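K.L.:
need coordinates for the following:
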Amino acid sequence: MSAHTTTTGRFTDQLWDQTKVLRVAIDDLEFLRRLGDGTLPPEVFATYIEQDSLYLTGYAKALAILASKSPDPQTAAFWANSAANAAAVESAMHAELLASGALPPRTAAPEHSQTCLAYVSYLIAAAATESYAVAAAAVLPCFWIYAEVGRDLAASAEQVVAADPDHPYARWVTTYGAEDFQQTAATARTLVDQAADAATEAERAAMSSAFTLATRYELLFWDTALHPQPWPAA
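P.N.:
Okay, here's the model as predicted:
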């Protein structure tokens, strides 16, 4: 992922620049490096996939709420379609991978990690209680940062796939380098720019805060897959 500083006038460029430290930290995560080169322990990857499945369920709810607040039918259709994709297509891919036998079997029903629960709870709350513009800024990091990370991971995973076509990590990672995924992220970014153009200064400040907070959660979500923070015993 590129952590370069931008110079153009788009509002989302400002968001990107203000989160540079966080994005550099994401680039440096051991989890992502080992995911890309195929050396991540299978049980860690299985845990990540389980958490991502739980996350996508909550993320789809946030996107559906965002769709209901959209300023026009075309914008609503984009967020609604993204919600449907998160709930059905990506979740089905996760379920297929977990059931394929390529990863360690589940020993119990998955439970939200602290970070996963905090992240999805924040996104749903933002979608439900904040303005359309602020909510759109909150959901953007999952599109944009994942697209950037996924593009770099897909490139590194191509070598792993060439050596082992059935490698579960590499086959999964390469899907996020697809052009349609990159285009979806670009559309989400454009919609946030449009929302910022119509927003007040106070609302734009709230959009910046929401984007930064969600980017922090993106960093924590990946990192805690390799370095978990267990819940206190009940």
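
K.L.:
can you pull up the most central residue in the protein?
P.N.:
In the chain, the residue lying closest to the centroid (C-alpha atoms, centre = their mean) is Cys142, at 2.9 Å.

K.L.:
name all residues that make contact with it.
P.N.:
Tyr59, Ala214, Glu218 (C-beta atoms under 8 Å, 6 or more residues apart in numbering). Where C-beta positions appear, they are placed from N, C-alpha and C, glycine not excepted.

K.L.:
these in helices, which ones?
P.N.:
Tyr59, Ala214, Glu218 (DSSP state H).

K.L.:
moving C-terminal of the least confident helix or strand in the chain by mean pLDDT, what's the next helix or strand?
P.N.:
Between all helices and strands in the chain, the lowest mean by mean pLDDT, DSSP states H and E belongs to helix 91-98, at a mean of 68. Counting by DSSP states H and E, the next helix or strand C-terminal to helix 91-98 is helix 114-129.

K.L.:
check which residues of that next one are buried.
P.N.:
Thr115, Cys116, Leu117, Tyr119, Val120, Tyr122, Leu123, Ile124, Ala126, Ala127 (16 or more other C-beta atoms under 10 Å).

K.L.:
just checking, which helix or strand succeeds that helix along the chain?
P.N.:
Once the chain leaves helix 114-129, the next helix or strand it forms, by DSSP H and E, is helix 132-163.

K.L.:
and that following helix, how far from the chain's centre?
P.N.:
From the chain centre to the centre of helix 132-163 is a distance of 7 Å (C-alpha atoms, centre = their mean, to the nearest Å).

K.L.:
that one - what's its average pLDDT?
P.N.:
For helix 132-163, the mean pLDDT works out to 89.

K.L.:
pull out the buried positions in that helix.
P.N.:
Buried, per 16+ other C-beta under 10 Å, within helix 132-163: 132-154, 156-157, 160-161.

K.L.:
need the residues that contact stretch 182-193.
P.N.:
So stretch 182-193 is contacted by 10-12, 15, 75, 78-79, 82, 133, 136-137, 139-140, 143-144, 146-147, 151, 207 (C-beta under 8 Å, 6+ apart).

K.L.:
tell me which residue of the chain is furthest from the middle?
P.N.:
Outermost residue of the chain (C-alpha atoms, centre = their mean): Ala234, 29.8 Å.

K.L.:
so can I have TSV of the ones in helices among the contacts of Cys142 showing pLDDT, neighbour count and distance to Pro168?
P.N.:
Formatted as TSV, the ones in helices among the contacts of Cys142 follow (pLDDT from 0 to 100; neighbours: other C-beta atoms under 10 Å; distance: C-beta to C-beta, whole Å):
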residue	pLDDT	neighbour count	distance to Pro168
Tyr59	96	23	23
Ala214	98	22	28
Glu218	97	22	23
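
K.L.:
and which of these is nearest Leu35?
P.N.:
Of all those, Leu35 sits closest to Glu218, with 14.3 Å by C-beta to C-beta.
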